[in-house]
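Trainee: Here you go, sequence then predicted model.
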Amino acid sequence: MPIDIADANAEGSATNFPRRDHVHKHPVFSTGDLHTDLLARSGVRPMLGNFDMDLYQILDHVLEKLGSLPTLTEGRMLYLTTDDHPYIGQASAYKQQILEDDRVSAVFSGRHICSQVSTSSVTYVTIVDSDVIINAPLFKYSGTLYVKFLAHLRNSEVGYATYAQLYRQHAATVVTGTEVSVTNTAYQIAESPWVDISGETGPESYQVQMKVPSGGTGYCNCAIILLSYVQL
């Protein structure tokens with residue numbers, strides 16, 4: 001058994017058998033790290049990674065199971081037991097990985113208004129031909145559905161606001177939470193938050209209502225409804 005390895009063989013001068021100070025030549029030795037040096041000189045690309053086998057058990061393909069997301073570590077893989085999904089740490093957050101049986105979110109959009117309309121009413125009036133008919137329950141998932149309302153609005157007068165909201169024609173009720181407004185003489189986009197409409201039970205004709213409570217003339221040249229079973 002040699003006591004060392006080096007760039008060249010050496011017979012050794014020890015008197016004990018079999019000259020315990022002899023040296024075996026290694027093909028590469030310049031860096032002091034034989035594996036790294038050999039890979040570099042041979043042109044073989046090494047597999048790079050910083051795997052902690054105690055935590056991730058990569059060889060067994062078993063991720064560390066946790067009940068909550070830990071402090072962010074970029075590149076870290078784990079399995080969250082609260083939702084039964086794997087996560088990978090990215091630059092800003094842990095990202096959930098989609099599994100084969102996951103249902104990917106779908107968004108339905110409908111356009112209420114396709115050309116400019118206006119009103120000078122200080123109370124809400126329904127815009128003619130702004131109906132979008134939707135059977136909302138068809139879009140639910142696990143009984144959940146959300147709506148978002150967007151409108152392109154302006155007012156003819158400086159400092160005056162134009163308001164818009166969604167209205168259920170058949171139920172004769174406002175979709176609470178969808179009211180939006182713009183205070184500008186130039187067109188601006190107004191967007192409601194995601195509103196929970198999981199209680200919708202059947203088809204409905206959703207309309208746009210507008211008002212200018214302080215005066216001026218309110219204009220809208222586009223209004224859109226979005227449906228999704230997750231708040232995107």
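Mentor: Looks like it came in fine. Numbering: from 1, shown residues only.
Trainee: what's the domain layout of the protein?
Mentor: 4-42, 53-96, 108-228 (automatic domain parsing).
Trainee: how about those in JSON lines, adding mean neighbour count, distance to Asp102 and mean pLDDT?
Mentor: Glycine gets a C-beta too; all of them are placed from N, C-alpha and C. Below are the domains of the chain laid out as JSON lines (neighbours: other CB atoms under 10 Å; distance: least, CB to CB, whole Å; pLDDT from 0 to 100):
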{"stretch": "domain 4-42", "mean neighbour count": "12", "distance to Asp102": "39", "mean pLDDT": "57"}
{"stretch": "domain 53-96", "mean neighbour count": "12", "distance to Asp102": "8", "mean pLDDT": "82"}
{"stretch": "domain 108-228", "mean neighbour count": "17", "distance to Asp102": "11", "mean pLDDT": "94"}
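Trainee: nearest residue to Thr82 other than its sequence neighbours?
Mentor: For Thr82, ignoring the flanking residues on the chain, the nearest one in space by CB to CB, 6 or more residues apart in numbering is Gly67 at 6.1 Å.
Trainee: could you measure that neighbour against Glu74, distance?
Mentor: Distance from Gly67 to Glu74, counting by CB to CB, to the nearest Å: 21 Å.
Trainee: now do Val147
Mentor: Here the criterion is CB to CB. By it, Val147 lies 36 Å from Glu74.
Trainee: My understanding was that Ser156 contacts Gly215; is that so?
Mentor: No. Counting by CB atoms under 8 Å, Ser156 sits too far from Gly215 to count as a contact (9.2 Å).
Trainee: Helix, strand or coil: sort out Pro137 for me.
Mentor: Recorded secondary structure, Pro137: helix (DSSP: H, G, I helix; E, B strand; the rest coil).
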